[in-house]
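Visitor: return a 3D structure for these sequence lines:
(4 chains)
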Protein chains: 2
Amino acid sequence: MTVSLAEIRRTSGEVFTEGCPTRVVLDHIMSKWGVLVLLALTDGTLRWGELRREVEGISEKMLASTLRQLEADGFVERTSYPEVPPRVEYELTDRGRELMERMLPLVEWVAANAGDVLKADLIAGRG
Amino acid sequence: MTVSLAEIRRTSGEVFTEGCPTRVVLDHIMSKWGVLVLLALTDGTLRWGELRREVEGISEKMLASTLRQLEADGFVERTSYPEVPPRVEYELTDRGRELMERMLPLVEWVAANAGDVLKADLIAGRG
DNA sequence: TGGGTACCTTACCAAGAAGTGGGTACCTTC
DNA sequence: GAAGGTACCCACTTCTTGGTAAGGTACCCA
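Guide: Here you go, the predicted model:
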């Protein structure tokens, strides 16, 4: 198993330096709403309205721009059905599923340990 | 293996909802500089000046505040030696290593695939 | 006396992220 | 004919993030 940045650089070169594409992609998928939208889509295909409800607190503006970004990056596929009323579905692409396979263990750990982490915050006076 | 948000919620409850601690912790570790600092520390203990060089482009202000946050969260330990000139060392705690164990596969995937992702961006007209 | 090193902190300000509120188009139902 | 559902887009404002620059300490060297 990979245990250090040096190890990654041995196979992928000088990644995560200034201006490196890896930093840009990192910013996209690690963004506040990006993670939550991707996470919601691990449950399967969702419509616009379902996503709004699933990702609590997101504004329509941010949902739209986050989806556009994820779509442009090839993580999410948008399918619109020319019906009335309009129906649009969003789902993870193969690339998106590959990504989430790696992100879910991290997210799972956060879900299980967030309480303890914030307790540490309180002790450190950063509540 | 975990494959969906629903699965995580089955064991951890209604996580990642609005105001949930999990969202706060996510914001800390998924922040622009947070990831890069944690990543740098997977190579071992580093001094202030070494971190500045390792995390290319970070300002002293952001390095300081990022380190304070990670320290408060219990991911990073700071050890200062009362010498002249002063020496301060930063390293991952056990919790930090646990976290990075889960983050490294994700980061590794990004390192290997960032090129393709940005190529998709160009085609989509989001260069 | 002046500079150099290492590790920061503070004050100020600009850019970008994100919230708010409105509008659009189309059809259905009341 | 008015209201409502679906999936947005745009303008305006606010708030957060992050950069710059300056200073601060505590010592050593010349």
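Visitor: for residue A:75, which residues are in contact?
Guide: Residue A:75 is in contact with A:29, A:38, A:92-93, A:95-96, A:99, B:117, counting by Cβ atoms under 8 Å, 6 or more residues apart in numbering or on different chains. Any C-beta I mention is one placed from the backbone N, CA and C, and that applies to glycine too.
Visitor: can you check the pLDDT for it?
Guide: What the model reports as pLDDT for residue A:75 is 96.
Visitor: what does residue A:80 give?
Guide: 91.
Visitor: list phi and psi for it.
Guide: Backbone geometry at residue A:80, expressed as degrees, to the nearest 10, gives phi -110, psi 140.
Visitor: excluding covalently adjacent residues, which one is nearest to it?
Guide: Among residues not flanking residue A:80 along the chain, residue A:88 sits closest, at 4.5 Å (Cβ to Cβ, 6 or more residues apart in numbering or on different chains).
Visitor: roughly how far does the residue nearest the centre of chain A sit from DNA strand D?
Guide: The residue lying closest to the centre of chain A (Cα atoms, centre = their mean) is residue A:35, at 2.5 Å. To DNA strand D, residue A:35 is 14 Å away according to Cβ to the nearest atom of the strand, to the nearest Å.
Visitor: try residue A:100
Guide: Distance, residue A:100 to DNA strand D, by Cβ to the nearest atom of the strand: 21 Å.
Visitor: same check, this time on residue A:94
Guide: Relative to DNA strand D, and taking Cβ to the nearest atom of the strand, residue A:94 is found at 21 Å.
Visitor: per-residue confidence for that residue?
Guide: The score at residue A:94 is 97. That number is its pLDDT.
Visitor: residues near it, how many?
Guide: 10 (other Cβ atoms under 10 Å in any protein chain shown).
Visitor: distance between the longest helix belonging to chain A and the chain's centre?
Guide: Counting residues, the longest helix found in chain A (DSSP state H) is helix A:94-123. Centroid displacement of helix A:94-123 relative to its chain, using Cα atoms, centre = their mean, to the nearest Å, is 11 Å.
Visitor: the residue nearest to the centre of chain A: which element?
Guide: If you go by DSSP states H and E, residue A:35 is part of helix A:32-41.
Visitor: buried set for that helix?
Guide: By neighbour count on 16 or more other Cβ atoms under 10 Å in any protein chain shown, the buried set for helix A:32-41 is A:33-41.
Visitor: now it: average pLDDT?
Guide: Over the span of helix A:32-41, the pLDDT mean works out to 95.
Visitor: near DNA strand C, which residues of chain A show up?
Guide: A:31-33, A:57-62, A:84-85 (Cβ under 7 Å from any atom of the strand).
Visitor: quick one on the thing from earlier: of all the buried residues of helix A:32-41, which comes closest to DNA strand C?
Guide: residue A:33 (5.8 Å; Cβ to the nearest atom of the strand).
Visitor: now name the helix or strand holding the closest residue to the closest one other than its chain neighbours.
Guide: Leaving aside its sequence neighbours, residue A:33 sits nearest to residue A:66 (Cβ to Cβ, 6+ apart; 4.6 Å). Following DSSP H and E, one finds residue A:66 within helix A:60-72.
Visitor: next one: the residue of chain A positioned farthest from its centre, what pLDDT does it get?
Guide: In terms of distance from the mean C-alpha position of chain A, residue A:84 ranks first, at 30.8 Å (Cα atoms, centre = their mean). Looking at residue A:84, its pLDDT is 75.
Visitor: just checking, it is part of a strand?
Guide: No - using DSSP: H, G, I helix; E, B strand; the rest coil, the assignment for residue A:84 is coil, not a strand.
Visitor: low-confidence stretches in chain A?
Guide: A:121-122, A:124-127 (pLDDT under 70).
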